[in-house]
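Asker: take a look and give me a structure for this.
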Amino acid sequence: MPCKVCKNTLIFLDKDPSCPKCEKLSVVPYEDSLKISDYLISVFQKKFLNLVKNAKKRQLLANVFWYRERHVRRIYTSYTHIDVTQLLACNLLLRRLIQMDDFLEKEEINEEKIVDIIKLYTDLTQFEEDRVRLEAGNWSMLKLKKYNIDNLEKMTLDAVAVCPNEKYDRVMKAFAKHNIMPQKKAELIMKEWAKQLQEPIVPGSKRSKTAKETISLFYELISEFYTAFFRSRIYTEAFGLPSDYKISIDPIELQRFVGGYPMMDSGLSYREFVDFRAELISKFGGKYKQFLNYFVISQENPATPLFLRLDDNVLISQAFTELFSYVLHVIINRDLFDAETEKRSKKFESQIVKSHFENIGYKYIPNHIVKNKMEIDGIAISKSNVFVIEVKGWKSRKLIEEKTSKDILVREIKHAIEGLHLDYMSGKIKTKVSLPKKVKWVNENRKKFRISDSVEIKGMLVINDEPIISEYNGCIVRFVNDFENNSL
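Answerer: This next block holds a predicted model:
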């Protein structure tokens, strides 16, 4: 929603929108903002290298690993909010530090030092996140003090500031659906939830027997984690698996395996590598190599850091592995997760749409099945309009902050209208009856539904993400929130 006066893109310095042009704020040109962002990242990279160059590498890695584990344990035992930026910084540190070799091995790393290191690295990753958002055009950079774009070395850090613009609203709405929110709001919600608990959550205390049961029981949690941990390429670098991964290890087996190691209050559990490998072989058989390749990070193996190998020992992170195993359900059991998503969205969002149309005087026919041909989610009928409804819910989205996410959403909207669906297990596109064909069938059966010949029949796709396009192939595209808020 641009400025009503000058049609300029609005920005959000606080909760309320501001127009840079009307309020005479200086917005940095797009290309200059990326150049400045790259410069600020380089400044903080140098600061970080100066802070850690004297450190003992193995000690540094072990302390970052322990810091991350303690943070996740507090989530389980005290029911505090998840500071995803802290987990991001820790995982990036582990994956990047282990590949570095220029340590002087002089300085001992104590608890106070590791806090300073992680704080500085959190600042660095924040600049990297800003770079992604600026590139996507969802955020804007403001000029606060004079600087020379050709001589940025003389620019002070407070010369610019970044803030979301109106284009980021789509991302924020998606985050809100997954309980991803600012820290203060999260803390208030967690305090309310904590009052409802009789005792702290213990990792592994509510496991189900099958992947399908686990996905059903913890669906919202899994969806929230996945969206938060894979929101941009920075997060994917921190938490992701290789693009060509092939894993047949069930996440529940991973939970049970890590739960077999004692969780000590004073530090990390560890095993000698030869014993750890023997235990993997005993538990997973020939799949133990997958486990080592994808979940045990070492200098020779840049894996997702669930376990950390330092020389002949393997450090074990029970709480983080437990948490991340839920995310793995989306990756490894994607078809099961998508089936649960579809089931829930059909039930919840179809009811929202039905209630809306009935409240404005339409007759609504839900879940109309044409035997051996098709299923129509809903038909909304009035004297002047008829809509053939298709409800689609995409609960877990990757790279939602990236520039490419808009293109992906447009493609998924088009596929949904065309009746195309990607099978993640086979990688093949499956076809169903398209929405235009459903419209055609209703049009050919007007008498069956008592629809006048003069009434126009249109298809309507309802999704739970704010659409980039409003119409495709003769069909309207609408956001389910518009139905909830009666803002159609």
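Asker: hey, let's count contacts and neighbours off CA atoms from now on
Answerer: Fine.
Asker: can you show me the strands along the stretch 351-488 of the chain?
Answerer: 363-370, 374-381, 385-392, 420-422, 429-431, 456-463, 471-472, 475-479 (DSSP state E, counting those that start in this stretch).
Asker: let's have those strands in a markdown table, adding distance to K145, mean neighbour count and mean pLDDT.
Answerer: Shown next, in a markdown table, are the strands of the stretch 351-488 of the chain (distance: least, Cα to Cα, whole Å; neighbours: other Cα atoms under 10 Å; pLDDT from 0 to 100):
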| stretch | distance to K145 | mean neighbour count | mean pLDDT |
| --- | --- | --- | --- |
| strand 363-370 | 58 | 15 | 94 |
| strand 374-381 | 56 | 20 | 95 |
| strand 385-392 | 47 | 23 | 93 |
| strand 420-422 | 50 | 15 | 79 |
| strand 429-431 | 53 | 12 | 85 |
| strand 456-463 | 43 | 22 | 94 |
| strand 471-472 | 44 | 16 | 96 |
| strand 475-479 | 40 | 20 | 93 |
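Asker: mind checking which of the ones you listed is nearest T341?
Answerer: strand 385-392 (9.1 Å; Cα to Cα).
Asker: pairing partners for that closest one, with directions?
Answerer: Sheet pairing of strand 385-392 (DSSP bridges) gives strand 374-381 (antiparallel), strand 456-463 (parallel).
Asker: contacts for that strand, please.
Answerer: For strand 385-392, the surrounding residues in contact (Cα atoms under 8 Å, 6 or more residues apart in numbering) are 342, 345-346, 349-350, 376-381, 416, 435, 438-439, 442, 455-464.
Asker: still on that earlier bit, right, and the strands paired with strand 385-392 - which one's nearest Y261?
Answerer: strand 456-463 (43.4 Å).
Asker: contacts for the closest one, please.
Answerer: With Cα under 8 Å, 6+ apart as the test, strand 456-463 has contacts from 384-394, 416-417, 435-436, 439, 442-443, 474-480.
Asker: stretch 95-114 now?
Answerer: Contacts of stretch 95-114 (Cα under 8 Å, 6+ apart): 52-57, 59-61, 63-64, 238, 297-299, 302-305.
Asker: what about these, which are in strands?
Answerer: Taking DSSP state E, the ones among those that sit in strands are I297.
Asker: and stretch 105-121, how far out from the chain's middle?
Answerer: With Cα atoms, centre = their mean, to the nearest Å as the basis, stretch 105-121 stands 29 Å off its chain's centre.
Asker: let the chain start at 392 from now.
Answerer: Will do, 392 is the new start, and the previous item becomes stretch 496-512.
Asker: export it as PDB, just CAs?
Answerer: Taking C-alpha atoms only, stretch 496-512 is exported to PDB below (Å, rounded to 0.1, in the frame of the first residue of the first chain):
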ATOM      1  CA  GLU A 496      46.700 -21.200  19.500                       C
ATOM      2  CA  LYS A 497      47.800 -18.900  22.300                       C
ATOM      3  CA  GLU A 498      44.600 -17.800  24.100                       C
ATOM      4  CA  GLU A 499      42.400 -19.800  26.500                       C
ATOM      5  CA  ILE A 500      38.700 -19.400  25.800                       C
ATOM      6  CA  ASN A 501      36.700 -18.900  29.000                       C
ATOM      7  CA  GLU A 502      32.900 -18.400  29.300                       C
ATOM      8  CA  GLU A 503      33.200 -14.600  29.300                       C
ATOM      9  CA  LYS A 504      35.200 -14.600  26.100                       C
ATOM     10  CA  ILE A 505      32.800 -16.900  24.300                       C
ATOM     11  CA  VAL A 506      29.900 -14.600  25.200                       C
ATOM     12  CA  ASP A 507      31.800 -11.700  23.600                       C
ATOM     13  CA  ILE A 508      32.700 -13.800  20.500                       C
ATOM     14  CA  ILE A 509      29.100 -14.900  19.900                       C
ATOM     15  CA  LYS A 510      27.800 -11.400  20.500                       C
ATOM     16  CA  LEU A 511      30.100 -10.000  17.900                       C
ATOM     17  CA  TYR A 512      29.200 -12.800  15.500                       C
END
